[in-house]
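# Here is the input, now give the coordinates:
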Amino acid sequence: APLLAATGVALRTAARSLRRRHDATHDPLTGLANRRLFDQELAAALRSGAPEDDHVALVLVDLDGFKGINDSYGHEHGDRVLVEVAARMAAVCRPSDVV
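The predicted model follows:
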């Protein structure tokens with residue numbers, strides 16, 4: 001029994017550590033990479049010296065009228081828009097892509 005208790009504690013500690021690492025690099029609302037992870041991934045991609053057939057692309061998205069949604073309907077509705085846009089973007093990207 002003591003071995004199981006120690007293993008359970010170790011598993012919970014490891015799970016907390018993974019959760020903290022994820023939380024430090026992802027947006028809490030959308031679950032997407034935050035600026036910290038984005039900067040790390042972009043720097044790594046640019047440093048990698050990838051073969052000729054490997055490419056790095058950067059796409060910037062601006063949500064026109066988003067401020068108006070927050071102002072007119074409230075931040076809760078604005079958050080819903082962000083979550084939906086994030087989900088749609090993630091759905092059309094490869095698992096290896098950073099969104």
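# what's the helix or strand harbouring Thr7 packed up against?
Using DSSP states H and E, Thr7 sits in helix 2-25. On a contact count with 3 or more Cβ pairs under 8 Å, 6 or more residues apart in numbering; DSSP states H and E, helix 2-25 meets helix 35-47. In short, each C-beta sits where N, CA and C put it, glycine included.
# roughly how far is the helix it packs on from the heart of the chain?
13 Å (Cα atoms, centre = their mean, to the nearest Å).
# Show me the contact partners of that helix.
Around helix 35-47, the neighbours that count as contacts under Cβ atoms under 8 Å, 6 or more residues apart in numbering are Ala24, Thr25, His26, Ala33, Val56, Leu58, Val98.
# Quick one, which of the residues you listed are buried?
Neighbour counting by 16 or more other Cβ atoms under 10 Å classes Ala33 among the contacts of helix 35-47 as buried.
# May I ask which of the contacts of helix 35-47 comes out lowest in pLDDT?
On pLDDT alone, Val56 ranks lowest of the contacts of helix 35-47, at 83.
# Can you find the helix or strand in this structure with the smallest mean pLDDT?
Within the chain, confidence by mean pLDDT, DSSP states H and E is lowest for helix 2-25 among all helices and strands, at a mean of 79.
# and the angle from it to helix 35-47?
Here helix 2-25 runs at an angle of 80 degrees relative to helix 35-47 (axes from the mean of the first three to the mean of the last three Cα atoms, to 10 degrees).
# From Ala33, how far off is Val98?
The gap separating Val98 from Ala33 is 5 Å, by Cβ to Cβ, to the nearest Å.
# got a pLDDT number for Gln40?
For Gln40, the model assigns a pLDDT of 93.
# Likewise for the one 4 residues further on?
The confidence metric pLDDT takes the value 88 at Ala44.
# Likewise for Glu52?
67.
# now Ala91
Ala91 carries a pLDDT value of 96.
# Could I get the phi/psi values of Val61?
Dihedral angles of Val61 (phi, psi; degrees, to the nearest 10) stand at phi -120, psi 130.
# any idea which of the contacts of helix 35-47 is the one closest to Arg80?
Taking Cβ to Cβ as the measure, Arg80 lies nearest His26 of the contacts of helix 35-47, at 18.5 Å.
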